[in-house]
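# need a 3D model of the sequence below.
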Amino acid sequence: MSWLWAVFTVAAAGGQVPRNAMQKELTATLGMVGATQVRFLFGLPFAAAFLAIVLATTPLPWPQLNAPTIAWTVTEPSHKSGPRLSCWRSCSSARSSSRPPT
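The predicted structure is shown next:
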């Protein structure tokens, strides 16, 4: 069973290829925000199924939905979002300036 991680890693990598291709097509059609929303809505049932499996097969309790949990879920620590956001802004402005006019 110690090799099982390799099977899941290869399966996940194989799943990224079609996802990236579809994301590229969706981005051209819906824009960046629309394509991202589609991606997360598509993943929601899988996340719910994973949570159900974990709760059914382990003695873990249902996660508490209190203010700290919700705040942690919808925000990131500032040390993670600071540099990445500034890079995302500069990278996205560089991408948009290098695009040919439509």
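# identify the residues contacting stretch 31-40?
Here stretch 31-40 makes contact (Cβ atoms under 8 Å, 6 or more residues apart in numbering) with R19, Q23, L26, T27, T29, L30. To be clear about C-beta, it is placed using only N, CA and C from the backbone, and glycine gets the same treatment.
# got the phi and psi for P61?
As for P61, its main-chain torsions (degrees, to the nearest 10) stand at phi -80, psi 170.
# tell me the pLDDT at it?
On the pLDDT scale, P61 is placed at 89.
# just W3 next, same as before
85.
# if I look at it, how far off is A67?
Taking Cβ to Cβ, to the nearest Å as the measure, W3 falls 42 Å from A67.
# over to T57?
With distances taken as Cβ to Cβ, T57 is found 29 Å from A67.
# next one: V33
From V33 across to A67, the span is 27 Å (Cβ to Cβ).
# over to F40?
Taking Cβ to Cβ, one finds F40 at 23 Å from A67.
# same check, this time on G34
Using Cβ to Cβ, we find G34 at a distance of 30 Å from A67.
# out of those two, which sits in the more crowded spot?
Counted by other Cβ atoms under 10 Å, G34 and A67 do not tie: G34 has more neighbours, with 12 against 7.
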